[in-house]
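Student: sequence plus predicted model, see below.
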Amino acid sequence: MKREIIDKAGHKHYIPDIWDENRTRCSYSNGKTGLPSVNLLAGSKDHLYDGCIPDVLKEYFPLVTGTCPCDCPGCYAKKITRNIEPFIKLALNTIEAMQDPHRFWALVEKELYGDEIILYKVIRIHDSGEFFSFEYFKECMNFIERHKESRFGDYSKAKDIINEYGIENLPDNLVMSCSPWEGHCEPIGDLPQFIYDNHTNPELASLPHCPAVSYDGKRTGVQCKQCLHCYKAKHGDRWAVYAH
């Protein structure tokens, strides 16, 4: 069942039932990465979205929060929720994942692999959002373990959850990178580090930088699927991306 709402500009939008098995939970048209991704709301668990939810949606999402361990200044993933359509999708995913992680990942798996055809050889976990609980993390790792035919990548700050699971227990078809962002998150063991470079730390200048973002923070047109460095990184690697 879908609910129709009309925003202040008179545009119609639809909110599907959160338990609708036919609702898409992955994103496919992201021009930045060119890869399918599984996304949740960014921002900290203390970050209530009531301040940026359009008024017309507040009755449907009154208390939804972010999933990250911190609120990073200038987070691109929080910016996209200013638009109604991305917000609806991420909010539905977040609520569903928090209520029933096992079901959420089962439906993601059905969506990506339901026809038993390998359509996606490289998949990103969390272009937006984060591992917010150990149970959710474990269900994701089980999903990745079942699909050795694909390669997965993630940038995470969930240090405590990853350490509890054990770096040595991570699936070998997953590149889990630590994502320091303006002082948030210390290194996680010897996991690769993908570091946010806002030009305040001169030591980062000598590191390889993501080719998708120029020095002045502009998109270059290079997509993740063309580079795939992040999906081949090894323990101990360090590289950076310019602030964007």
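Tutor: Nice, I can see it. Numbering: from 1, shown residues only.
Student: packing partners for the helix or strand hosting S177?
Tutor: Secondary structure from DSSP states H and E places S177 in strand 174-178. When contacts are defined as 3 or more Cβ pairs under 8 Å, 6 or more residues apart in numbering; DSSP states H and E, strand 174-178 packs onto strand 151-156, strand 193-197. Placement of C-beta: from N, CA and C, glycine included.
Student: now H229: how far from T33?
Tutor: Going from H229 to T33 by Cβ to Cβ, to the nearest Å gives 13 Å.
Student: the more surrounded of these two?
Tutor: Taking neighbours as other Cβ atoms under 10 Å, H229 and T33 compare with T33 leading, 19 against 16.
Student: what about the more buried one, which SS state?
Tutor: Taking DSSP: H, G, I helix; E, B strand; the rest coil as the rule, one finds T33 in the coil state.
Student: tell me the first helix or strand C-terminal of the least confident helix or strand in the chain by mean pLDDT.
Tutor: Here the helix or strand of the chain ranked lowest by mean pLDDT, DSSP states H and E is helix 76-79, holding a mean of 75. Per DSSP H and E, the first helix or strand lying C-terminal to helix 76-79 is helix 84-99.
Student: may I have that following helix as PDB, with CA atoms only?
Tutor: Extracted as PDB, the C-alpha positions of helix 84-99 are listed here (Å, rounded to 0.1, in the frame of the first residue of the first chain):
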ATOM      1  CA  ILE A  84      12.100  14.300  -0.300                       C
ATOM      2  CA  GLU A  85      12.600  11.300  -2.500                       C
ATOM      3  CA  PRO A  86      16.100  10.300  -1.100                       C
ATOM      4  CA  PHE A  87      14.900  11.000   2.400                       C
ATOM      5  CA  ILE A  88      11.900   8.700   2.100                       C
ATOM      6  CA  LYS A  89      14.000   5.800   0.800                       C
ATOM      7  CA  LEU A  90      16.700   6.200   3.400                       C
ATOM      8  CA  ALA A  91      14.300   6.600   6.200                       C
ATOM      9  CA  LEU A  92      12.300   3.500   5.300                       C
ATOM     10  CA  ASN A  93      15.500   1.500   5.000                       C
ATOM     11  CA  THR A  94      16.700   2.800   8.400                       C
ATOM     12  CA  ILE A  95      13.500   2.000  10.200                       C
ATOM     13  CA  GLU A  96      13.300  -1.500   8.700                       C
ATOM     14  CA  ALA A  97      16.900  -2.300   9.400                       C
ATOM     15  CA  MET A  98      16.600  -1.200  13.000                       C
ATOM     16  CA  GLN A  99      13.500  -3.200  13.600                       C
END
